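>>> Sequence and predicted structure are below.
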Amino acid sequence: MSQRYSSKVVGCITCGITSLVVVIAGLSKADAASMTFSISGTNSTSKNALAATAVFDDSLIKSGKLTVTLTNTKGVSVPSDILTSVFWDYGGSPLNLSLTSATGSKVTEYVTTTTGKGKNATTTTTLNTTSNVDLLGSLNEWKFASSKSSSLTGITEHYGLGTAGLGIFQGGGGQQFNYGIIGGYNTNANDPVKQAPLVNNSVTFTLSGLSSTFDITKINNVRFQYGTSLSEANITQATGKYYTPTPKPKTVPEPGTTAALVLFTLGALTIVKKKSLMAA
């Protein structure tokens, strides 16, 4: 068999195999979806502006996981400006979720140190920053709560994540607003805010136990809670914005075309075998 002929056959085989791989990959790929809830308002106590987002993402639905990213986009002055929990409802069958991870983008805290004594004493205040902080584990701060038969205590929603107890979440320690979420510090931030470890500016949670029948568009009534009491600033966004990536255009052959590609590849292999025997 001539070298030129062999090259053509090998090229055809390669093309056939590549086409099959593309078809299979295209059929197995699934596009993820997310729901984004955004709020804005004013804290009647501090008179400061409030703004935050909660993004629910089912990219890991095949692994039974739901991710929630909670972000505070406004600076804080007092504890009631700190975002300490988020609650929501689900319009489908009750969800059986459990919190498996909670990661703060970065934790900040003002630390004051004094050197020297008496008249020679010098006080220095610095902002300590730690990135990608595990808020579970030894910190044991953020919690998940759910109630399938009735709403959670004191509110109308059935699911929630929080660092302040609020009569809903159990465990944790320290100040109730520790590791709450801020969008930076205002120039008039008070000492309780400056001296507390706070997440600046988002926490990403992973919840396991997600069913394959989960429909992300059924998440609704998302309540953003600030401070350490349910009576403090809170804003509810009933509906969110649905987003799914636009899939890249791809041609998926009909079943008959796919079968033809397989037969074509096998035929090409047979030709190579026969030509090899004739040339021997």
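Arrived safely, thanks for sending.

>>> can you tell me which strand in the protein is longest?
Secondary structure of the chain per DSSP state E: the longest strand is strand 98-115.

>>> Identify the residues contacting whichever helix or strand comes after that one?
Later in the chain than strand 98-115, the nearest helix or strand by DSSP states H and E is strand 122-134. Residues outside strand 122-134 that contact it (C-beta atoms under 8 Å, 6 or more residues apart in numbering): 101-116, 139, 199-200. The C-beta positions use only the backbone N, C-alpha and C, and glycine is treated the same way.

>>> What of stretch 235-244?
31-41, 50, 56, 216-217, 219-224.

>>> And stretch 75-85, by the same measure?
Contact partners of stretch 75-85, identified using C-beta under 8 Å, 6+ apart, comprise 43, 45-46, 48, 50, 52, 70, 72, 74, 160-164, 166, 168-169, 176-177, 180-186, 188-190, 192-193, 198, 224-228, 232-233.

>>> Give me the subset of those residues that lies in helices.
Among the contacts of stretch 75-85, DSSP state H puts 192-193 in helices.

>>> Selecting buried members of the contacts of stretch 75-85 in ChimeraX, what would you type?
Buried members of these, defined by 16 or more other C-beta atoms under 10 Å, are picked up in ChimeraX with:
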select :43,46,48,50,52,70,72,74,160,161,162,163,164,166,168,169,176,177,180,181,182,183,185,186,189,193,198,224,225,226,227,228,232,233
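
>>> So for Ser146, what's the pLDDT?
pLDDT for Ser146: 97.

>>> which one is it nearest to, not counting chain neighbours?
Tyr159 (4.8 Å; C-beta to C-beta, 6 or more residues apart in numbering).

>>> Check Ser38 too.
Using C-beta to C-beta, 6+ apart, the nearest residue to Ser38 is Thr53, at 4.8 Å.

>>> and the one you found, how far is that from Ala121?
Per C-beta to C-beta, to the nearest Å, Thr53 is found 44 Å from Ala121.

>>> How about Lys106?
On the measure of C-beta to C-beta, Lys106 and Ala121 end up 31 Å apart.

>>> between these two, who's got more neighbours?
Lys106 (14 against 9; other C-beta atoms under 10 Å).

>>> Low-confidence regions, the chain specifically.
For the chain, the stretches with pLDDT under 70 are 1-31, 171-174, 247-280.

>>> if we can go back for a sec, quick one: buried ones out of the contacts of stretch 235-244?
If we count by 16+ other C-beta under 10 Å, the contacts of stretch 235-244 have these buried: 33-39, 50, 56, 216, 219-224.

>>> Widest-spaced pair of these?
Pairwise distances across the buried ones among the contacts of stretch 235-244 peak at 27.3 Å for Ala33 and Leu50 (criterion: C-beta to C-beta).

>>> Roughly how far does the residue nearest to Ser146 sit from Thr115?
Here Tyr159 is placed at a distance of 49 Å from Thr115 (C-beta to C-beta).

>>> go on, Gln237?
Remark: distance between Gln237 and Thr115 (C-beta to C-beta) = 49 Å.

>>> Now the buried members of the contacts of strand 122-134.
Buried among the contacts of strand 122-134 by 16+ other C-beta under 10 Å: 101-105, 107-110, 139, 199-200.

>>> Enumerate every residue touching Thr42.
48-50.

>>> got a markdown table for those residues, with distance to Ser150 too?
Shown next, in a markdown table, are the contacts of Thr42 (distance: C-beta to C-beta, whole Å):
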| residue | distance to Ser150 |
| --- | --- |
| Asn48 | 34 |
| Ala49 | 34 |
| Leu50 | 28 |
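
>>> which one of those residues sits closest to Ser208?
Checking these against Ser208 by C-beta to C-beta gives Leu50 as the nearest, at 30.6 Å.

>>> quick one: the nearest residue to that closest one once chain neighbours are set aside from Thr239, how far?
Nearest non-adjacent residue to Leu50, counting by C-beta to C-beta, 6+ apart: Gly41, 4.8 Å away. Note on Gly41: its distance to Thr239, by C-beta to C-beta, is 17 Å.
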